[in-house]
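*Asks:* Quick check, what structure comes out for this input:
(2 chains)
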Amino acid sequence: MTPAALSLWAGFAIGLAFGAAGQVSGFCLNRGLRGLWVTGDGTKIRAFALALAAAIVGTQILDGAGAVDLRQSIYVGTSFSWLLLPVGGALFGYGMIACNGCGARALVLLGQGNLRSFVVLVCLGIAAYVTLTGLLAPLRAQAAGFTGTAIAEGPQSLPYLLARSAGANVTRFVTAIVLAGLLAWFAFAHKPFRDSRKDVAGGTIIGLLIPAGWLATGWIGNDDFDPVPLASLTFIAPIGETIQYAMIATGAKPGFGVAVVSGVFIGSLAAALSTGAWHLEGFPSAGRMARYMGGGALMGVGGALALGCSIGQGLTGLSTLAFGSFLAAGGILLGARLALRGPLALPAL
Amino acid sequence: MTDARIEIPRLSRRHVLQGGTAVLALAALGGRAFAQANNNGWERFEPVRKLIGETKPLTNGLSIELPLVSEDGSSVPLVVRAERPMAEGDYVRSIHLFATRNPSPEIAEFEFTPRAGRAQVETRVRLNESQTVIAVARTNKDAVLVAAREIRITQSGCLARTDTYESANAMQTRVRVAEKAQSGSPVEVLTLINHPMETGLREGADGKLLPQRIIRAFEVTFDGQPVFKATLHRSIAANPYLRFFVVPAASGTLAFTWTEDTGRTAEHKANIAVG
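*Replies:* Have a look, this model is predicted:
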């Protein structure tokens, strides 16, 4: 098997693990934020925090050890858009609350028979490609060009900025450990979370799948002559890519993202079938359907502008400690907050 | 890192036969479709007409493999292949590649000798927009074959490359070729040189045009005898990658030379044991 094919299978396996872990533990940023800001259930947001801590430590170890070069990822460029990342993030966050789960969550829910998610995924995937390569693409590219900025010369991430003043790996690991330590402390200081084994395991597993994804593309897929583009878990462009690949597969090769997306669906389906959680669900009303379609489209457009979703920027992007990912993740939190509290808040489902 | 790498299987006669049968079956099934696909617009494309001259070209036997849609026009994988004998008296001498709607249409010219064993090259090209890619092959008896293929290029910010090229490792070469071969059967050769292939059309961070700097020529010999030659233009993607074939008659040494337009060269040697 070629490195590219191995990398695809690794992506599929990572997707299976994500789908199964997500299905069993109910890992979901939407539920986490809703719990934190509305219902007062603090366990899901802590599972997300723990996942982020694991992702940051794992990813920074890989980059520090030279197994992958994060500067090749889309997150750590030589510049980033100060406008599109937070605005896209906010659109995504609002859409995520509108349809009660992000793109990755929708894939997991589809696996357990939730047909509402199918509508969300189709709207999301098409809206993402409209923004990436379709009608909105020229506008997006121009806006990105006008608003490109850099904090200092060189790769736009915290480790590379701090490395200017001290040894690269010392500052990198101090930063990673401080951030991950704070997140883990936030998670484990909460007794209900400590006691929920499912959430602790789900968060840890999903967090570690981020460095696994970097390894699958940047190390396994690192063919001398045809390297696989460096990436890890992300869902906006890949959901669109999967739809597109299904339609024009002849003459095209599936990418890492397509393998992950298929894996998540099948992993969740298998987990749901084996635990008896699988059952078909649809929309109770046309109004609800319209809301989910709008939410899916918002996630597609926003995620494409922000270069990622709650997983793509919230975990994978942040694990690189890129400045742009902090902006995008901040945007996602802001959008979700607006949809949950205040004058723009959406009615509870 | 190397343990994830897999040896390339050597090509056996069975593979060739299987491949040939598949191609024949496909040709029979899709002959009409191929004829149509091979006919889009090369007659109206001046550089190709000039190259062909008065000869009536064949539209069968030459094929271009390209994705239908590519999201990254800066590096599109391309295979061009002439299904023709490569014998001493009858072989494909050259293949020219054109990108009809690039700023300069020439992509590359490949020159073969019977020692190449197959008139087939894989590379990666730059395509500025959706367009037709045309290949023109010429045999030593001056028969001309032509093929055309359409491709759609979409833009994707997610895949945008950073505009700085790390020049520290420029001119570093990589070659992969099976160390052992059977006499008379083609051996696959993969080559790559780290190089920006600067087009001379692009602005740097300071808004000034970056000067053109490309790998102009690539030459391969086997024990001093010419095997394969390529003339590259700026439509070849950065880090020029070429995959082609060689038929070693006996054990010997493959010698590779890359020449930059500045005159600077890089060399590489690889041994093949036949037996």
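*Asks:* Around the closest residue to residue A:3 other than its chain neighbours, how many other residues sit close by?
*Replies:* Leaving aside its chain neighbours, residue A:3 sits nearest to residue A:223 (4.1 Å; criterion: C-beta to C-beta, 6 or more residues apart in numbering or on different chains). (Glycine included, C-beta is placed from N, CA and C.) With neighbours defined by other C-beta atoms under 10 Å in any protein chain shown, the count for residue A:223 comes to 18.
*Asks:* ok, now how distant is residue A:223 from residue A:123?
*Replies:* Distance, residue A:223 to residue A:123, using C-beta to C-beta, to the nearest Å: 36 Å.
*Asks:* Could I get the phi/psi values of the spatially closest residue to residue A:147 that is not a sequence neighbour?
*Replies:* Closest residue to residue A:147 apart from its sequence neighbours, by C-beta to C-beta, 6+ apart: residue A:83 at 3.9 Å. For residue A:83, the backbone dihedrals (degrees, to the nearest 10) come out as phi -100, psi -50.
*Asks:* One more: residue A:344?
*Replies:* phi -90, psi 0.
*Asks:* wait, what's in contact with it?
*Replies:* A:94, A:338 (C-beta atoms under 8 Å, 6 or more residues apart in numbering or on different chains).
*Asks:* What of residue A:194?
*Replies:* With C-beta under 8 Å, 6+ apart, residue A:194 has these contacts: A:188, A:200.
*Asks:* Need the per-residue pLDDT for it.
*Replies:* Note for residue A:194: predicted pLDDT of 95.
*Asks:* which stretch of helix or strand covers it?
*Replies:* Under the criterion of DSSP states H and E, residue A:194 resides in helix A:191-195.
*Asks:* Kindly report the same for residue B:190.
*Replies:* strand B:187-193.
*Asks:* Give me the buried stretch members for that strand, please.
*Replies:* Buried positions in strand B:187-193, judged by neighbour count with 16 or more other C-beta atoms under 10 Å in any protein chain shown: B:187, B:188, B:189, B:190, B:191, B:192, B:193.
*Asks:* for stretch B:60-77, same thing?
*Replies:* Neighbour-count burial for stretch B:60-77, counted by 16+ other C-beta under 10 Å, picks out B:61-64, B:66-67, B:70-77.
*Asks:* Looking at the residues you listed, spot the one nearest chain A.
*Replies:* Taking C-beta to the nearest C-beta as the measure, chain A lies nearest residue B:67 of the buried residues of stretch B:60-77, at 5.4 Å.
*Asks:* out of the buried residues of stretch B:60-77, who's near chain A?
*Replies:* Contacts with chain A within those, as defined by C-beta under 8 Å from any C-beta of the partner chain: B:66, B:67, B:71.
*Asks:* Sitting in strands, which of those do you find?
*Replies:* Taking DSSP state E, every one of these sits outside strands.
*Asks:* Could you tell me the per-residue confidence at the closest residue to chain B within the stretch 101-250 of chain A?
*Replies:* Nearest residue of the stretch 101-250 of chain A to chain B (C-beta to the nearest C-beta) works out as residue A:133 at 3.7 Å. Residue-level confidence at residue A:133 comes out at 86, pLDDT.
*Asks:* How about residue B:166?
*Replies:* With respect to pLDDT, residue B:166 has a value of 64.
*Asks:* One more: residue B:213?
*Replies:* So, for residue B:213, pLDDT stands at 91.
*Asks:* circling back: how many neighbouring residues does the residue of the stretch 101-250 of chain A closest to chain B have?
*Replies:* 24.
*Asks:* now it, nearest residue through space, not along the chain?
*Replies:* Nearest residue to residue A:133 in three dimensions, chain neighbours excluded: residue B:154, at 3.7 Å (C-beta to C-beta, 6+ apart).
*Asks:* any low-confidence regions in the stretch 101-250 of chain A?
*Replies:* Applying pLDDT under 70 to the stretch 101-250 of chain A flags residues A:164-168.
*Asks:* and it, which residues reach chain B?
*Replies:* By C-beta under 8 Å from any C-beta, the residues of the stretch 101-250 of chain A that approach chain B are A:132-133, A:137-138, A:140-141, A:144, A:219-220, A:222-226, A:229, A:237, A:244, A:248, A:250.
*Asks:* CA atoms only for the next helix-or-strand element following the helix holding residue A:194 - export them in PDB, please.
*Replies:* Later in the chain than helix A:191-195, the nearest helix or strand by DSSP H and E is helix A:197-215. Provided in PDB are the C-alpha atoms of helix A:197-215 (Å, rounded to 0.1, in the frame of the first residue of the first chain):
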ATOM      1  CA  ARG A 197     -16.400   8.200  33.400                       C
ATOM      2  CA  LYS A 198     -18.100   8.400  30.000                       C
ATOM      3  CA  ASP A 199     -17.300  12.100  29.700                       C
ATOM      4  CA  VAL A 200     -13.800  11.800  31.000                       C
ATOM      5  CA  ALA A 201     -13.000   8.900  28.600                       C
ATOM      6  CA  GLY A 202     -14.900  10.500  25.700                       C
ATOM      7  CA  GLY A 203     -13.000  13.800  26.100                       C
ATOM      8  CA  THR A 204      -9.600  12.100  26.400                       C
ATOM      9  CA  ILE A 205     -10.100   9.800  23.400                       C
ATOM     10  CA  ILE A 206     -11.400  12.600  21.100                       C
ATOM     11  CA  GLY A 207      -8.600  14.900  22.200                       C
ATOM     12  CA  LEU A 208      -6.000  12.300  21.400                       C
ATOM     13  CA  LEU A 209      -7.500  11.700  18.000                       C
ATOM     14  CA  ILE A 210      -6.300  15.200  17.000                       C
ATOM     15  CA  PRO A 211      -2.600  14.300  17.200                       C
ATOM     16  CA  ALA A 212      -3.400  10.900  15.700                       C
ATOM     17  CA  GLY A 213      -4.800  12.800  12.700                       C
ATOM     18  CA  TRP A 214      -1.600  14.900  12.400                       C
ATOM     19  CA  LEU A 215       0.400  11.600  12.400                       C
END
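*Asks:* What does the pLDDT read for the spatially most central residue of chain A?
*Replies:* Centroid-nearest residue in chain A: residue A:311, 1.6 Å away (criterion: C-alpha atoms, centre = their mean). Model confidence at residue A:311, given as pLDDT, is 97.
*Asks:* Let me have the ones next to chain A among the buried residues of stretch B:60-77 in JSON lines, extended by distance to residue B:229.
*Replies:* Shown next, in JSON lines, are those (distance: C-beta to C-beta, whole Å):
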{"residue": "B:66", "distance to residue B:229": "23"}
{"residue": "B:67", "distance to residue B:229": "27"}
{"residue": "B:71", "distance to residue B:229": "32"}
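*Asks:* Closest to residue A:334 out of those residues?
*Replies:* Among those, residue B:71 lies closest to residue A:334 (C-beta to C-beta), at 29.8 Å.
*Asks:* What is the neighbour count of residue B:184?
*Replies:* Count around residue B:184 with other C-beta under 10 Å applied: 11.
*Asks:* Might you report the residue contacts of it?
*Replies:* Residue B:184 neighbours (C-beta under 8 Å, 6+ apart): B:247, B:249.
*Asks:* Report the separation between it and chain A.
*Replies:* The gap separating residue B:184 from chain A is 26 Å, by C-beta to the nearest C-beta, to the nearest Å.
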